[in-house]
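>>> With the input below, show me the fold.
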Amino acid sequence: MTNPDVDVAALAKLARLDVSDDEISKLKQEIPHILEFVATLQKASAGSDGGETSLRNVMRADENPHESGKYTKVLLEAAPARDGNRVLVKQVVSRKK
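Reported below is the predicted structural model:
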């Protein structure tokens, strides 16, 4: 790719970015290399012809689920604080009223 003339100051203004003069001069040198790299990536093949892939669904059926509440008593006994069948935890998020 030839060295494109990029108006970095105009791009920064369009993007509503405050860019210093030092950053503008640095970006004027970097942007052509970035665009050249992007052009290289666009030429690359994705490697897929859209045919059959080796991907498959790896989820299994839950054939032997445990009964609901089977471990509730054990978990509640291990909790440092509880309120009925609920574990009490320190409030992390406050609600504004």
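>>> CA only for contacts and neighbour counts going forward, please
OK.
>>> which residues touch Leu11?
Listed by CA atoms under 8 Å, 6 or more residues apart in numbering, Leu11 has no contact partners.
>>> What ranges does the protein have for its strands?
82-83, 86-87 (DSSP state E).
>>> Against which helices or strands is the first one packed?
Looking back up the chat, that one is strand 82-83. Judged by 3 or more CA pairs under 8 Å, 6 or more residues apart in numbering; DSSP states H and E, strand 82-83 has no packing partners among the helices and strands.
>>> hey, which of the strands of the chain is tucked in deepest?
For those, average neighbour numbers computed from mean count of other CA atoms under 10 Å are highest in strand 86-87, which has a mean of 13.
>>> number of nearby residues for Gln91?
As a burial measure, Gln91 scores 6 neighbours (other CA atoms under 10 Å).
>>> same thing with Ser94?
For Ser94, using other CA under 10 Å, the count is 6.
>>> can you check Ala9 too?
19.
>>> Tell me if I'm right that it and Ile24 touch.
Yes: applying CA atoms under 8 Å, one finds Ala9 in contact with Ile24, separated by 6.6 Å.
>>> circling back: who wins for proximity to Thr40 among the strands of the chain?
strand 86-87 (55.6 Å; CA to CA).
>>> The closest one - what's its average pLDDT?
Throughout strand 86-87, pLDDT has a mean value of 90.
>>> what distance separates that strand from the centre of its chain?
Distance of strand 86-87 from the chain centroid (CA atoms, centre = their mean, to the nearest Å) equals 32 Å.
>>> partners of it in the sheet?
strand 82-83 (antiparallel) (DSSP bridges).
>>> For the strand it pairs with, give me every contacting residue.
Outside strand 82-83, the residues touching it (CA under 8 Å, 6+ apart) are 76, 88.
>>> and if you look at stretch 62-73?
Residues contacting stretch 62-73 (CA under 8 Å, 6+ apart): Asn85.
>>> chain center to it: distance?
Using CA atoms, centre = their mean, the offset of stretch 62-73 from its chain centre is 33 Å.
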